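from the sequence below, what's the structure:
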Amino acid sequence: MSQATQEGNPNLNPNGAHPVRFRDLLHRLFSMGNQNFLRLEFLQMACGAILEFIACDLLEVRLEEGGKVYRCRASVGKGVSRFICAGPTLGQEPGLPLEADPAGPALGDQIMDSVLAGRILAASPFSTRAGSFWTPDATRPVLLRDPQDGQARSLLIGGDYPSLAFVPVPVDERLRGVLHLGSRKAGAFTREDIHFFESVGETLGVAIAFQASQWALRERVKELDCLYGIAQVIQRAGGSLEELLGEIVERLPPGWQYPELTEARILLDGSAYATPGFQETPWVQEAVLRAGDRVRGKVQVAYSREMPLFDEGPFLREERSLIDEVARQVGLAVGRR
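Sure thing, here's the model as predicted:
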């Protein structure tokens, strides 16, 4: 790969003979960020695009947000690309375990974590001011300073990829990431390659932030549509209380993050008004329904299967505000009737 860089490989040189390829990568990343993908879906597609562009043997993106870890790894073997993605789920430690890491067991604990924290402490020439670290031969020991006592210790990474690179992916204050690249060829990465990988990492970070903002905007629109639809039902004259609650409960699933997996139920004075597929599951969000100064029941939203961990189990903090407001509106409507 270093030879290709010296020869002006367009895959590794955005300012070289074919900058159109680099612009194409930017366009693909931001086009994917503008579509309705979940984070892991977006990461898988982004990994595929970057792997195709850089043409290395291993590429992994790891993101950390508030203790939750998202990882997507793409590898090439015998001309076939393989993807493995993992994210935080309920009932497990944050971050599903991937298969045994081909780059060596010390990877996540001592190198990736240091890059994620922005404090790579490599006692070697294979580091940059931007916080990247790479090695041309993972079978040879490298020196890393322990962040606790500052002492340099020898670390043998090993694994299936002699050439390894770890590059920061800056996103924002809450979300940070690292781009991990590997090659089966020793000495595959030069310092110029690493600087270019840093440009790719910065671009990926902007695309991730863009995807997150677009996704959040769509979620807020869904929540507002849900509240607006419920307000219309409540303001409509006529109909029984049972009909009113039946219409409201049908309006709830589209307001949540996974409408196709969402069912809803309103409990009022011992009676239940639910969507046809409602079942009690461990993944439920509920709010107390009050009419006047009395508790009269609950508003419940449930997922039919386990989903990634967010702010309140698999639910967003904004969905907590949404269900509380729905319960308040239903309580007012019940009180008036």
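
quick one: low-confidence ranges for the protein?
By pLDDT under 70, the weakly predicted segments of the chain are 1-19, 78-81, 89-124, 143-153, 237.

show me where it has strands.
Counting by DSSP state E, residue ranges of the strands within the chain are 58-65, 68-77, 80-86, 133-135, 142-145, 152-155, 163-170, 175-183, 262-268, 271-274, 284-291, 294-303.

ok, which of the ones you listed comes nearest residue 203?
Shortest separation from residue 203 across the strands of the chain is recorded for strand 163-170, at 9.3 Å, computed as CB to CB. To be clear about C-beta, it is placed using only N, CA and C from the backbone, and glycine gets the same treatment.

run me through the strand neighbours of the closest one, direction for each.
strand 133-135 (antiparallel), strand 175-183 (antiparallel) (DSSP bridges).

for that strand, buried residues please.
Taking 16 or more other CB atoms under 10 Å as the basis for neighbour counts, the residues of strand 163-170 that come out buried are 163-170.

repeat for stretch 196-205
So for stretch 196-205, counting by 16+ other CB under 10 Å, buried means 196-198, 200-205.

same deal with stretch 325-337?
Of the residues in stretch 325-337, those with enough neighbours to count as buried (16+ other CB under 10 Å) are 325-327, 329-331, 333-334.

one more: stretch 309-318?
309-310, 313-316, 318.

tell me how many other residues surround residue 189.
Other residues near residue 189 come to 25 when the count uses other CB atoms under 10 Å.

can you tell me which residues contact residue 325?
Residues near residue 325 by CB atoms under 8 Å, 6 or more residues apart in numbering: residue 227.

I'd like the buried residues of stretch 309-318 as a markdown table, with distance to residue 50 appended.
Rendered in a markdown table, the data for the buried residues of stretch 309-318 read as follows (distance: CB to CB, whole Å):
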| residue | distance to residue 50 |
| --- | --- |
| 309 | 26 |
| 310 | 26 |
| 313 | 32 |
| 314 | 29 |
| 315 | 31 |
| 316 | 28 |
| 318 | 31 |
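
now, which of the buried residues of stretch 196-205 lie within helices?
Cross-referencing these against helices under DSSP state H gives 196-198, 200-205.

nearest to residue 44 among those residues?
Of all those, residue 44 sits closest to residue 204, with 13.0 Å by CB to CB.

contacts only, for the closest residue to that closest one other than its chain neighbours.
Closest residue to residue 204 in three dimensions, ignoring its sequence neighbours and counting by CB to CB, 6 or more residues apart in numbering: residue 169, at 5.3 Å. By CB under 8 Å, 6+ apart, residue 169 lies in contact with 61, 63, 176-179, 201-202, 204-205, 208.

could you dump those residues to CSV with distance to residue 245?
Converted to CSV, the contacts of residue 169 look like this (distance: CB to CB, whole Å):
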residue, distance to residue 245
61, 45
63, 41
176, 45
177, 45
178, 49
179, 50
201, 51
202, 51
204, 47
205, 46
208, 41
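
farthest-separated two in these?
Using CB to CB, the pair of the contacts of residue 169 lying farthest apart is 63 and 202, separated by 14.6 Å.

before we move on, the earlier item: nearest to residue 219, out of the strands of the chain?
With distances scored as CB to CB, the stretch of these nearest to residue 219 is strand 262-268 (13.0 Å).

domain ranges for this structure?
By the assignment in automatic domain parsing, the chain contains the domains 2-213, 236-336.

JSON lines please, covering those and showing distance to residue 230.
Listed next are the domains of the chain as JSON lines, based on distance: least, CB to CB, whole Å:
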{"stretch": "domain 2-213", "distance to residue 230": "23"}
{"stretch": "domain 236-336", "distance to residue 230": "5"}
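
contact partners for the closest residue to residue 77 other than its chain neighbours?
Closest residue to residue 77 in three dimensions, ignoring its sequence neighbours and counting by CB to CB, 6+ apart: residue 57, at 7.9 Å. Contact criterion CB under 8 Å, 6+ apart gives 75-77, 161, 182-184 as the residues in contact with residue 57.

just residue 265 next, same as before
Listed by CB under 8 Å, 6+ apart, the contact set of residue 265 reads 249, 272-275, 278, 298-300, 302.

how about those in TSV, adding distance to residue 44 and neighbour count?
Written out in TSV, the entries for the contacts of residue 265 read as follows (distance: CB to CB, whole Å; neighbours: other CB atoms under 10 Å):
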residue	distance to residue 44	neighbour count
249	35	24
272	40	14
273	39	23
274	35	18
275	31	16
278	32	19
298	37	17
299	35	28
300	33	23
302	27	23
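
which residues of this protein fall in helices?
In the chain, the helices defined using DSSP H lie at 2-6, 19-33, 39-54, 106, 113-116, 191-235, 241-251, 317-336.

in CSV: these, plus distance to residue 261.
Listed next are the helices of the chain as CSV, based on distance: least, CB to CB, whole Å:
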stretch, distance to residue 261
helix 2-6, 46
helix 19-33, 23
helix 39-54, 15
helix 106, 38
helix 113-116, 31
helix 191-235, 14
helix 241-251, 16
helix 317-336, 13
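
so which of those helices is nearest residue 142?
Distances from residue 142 to each of these were compared by CB to CB, and the smallest falls on helix 106, at 10.0 Å.

circling back to that earlier point, filter the contacts of residue 57 to the buried ones?
Listed as buried from those are 75-76, 161, 182-183; burial here means 16+ other CB under 10 Å.
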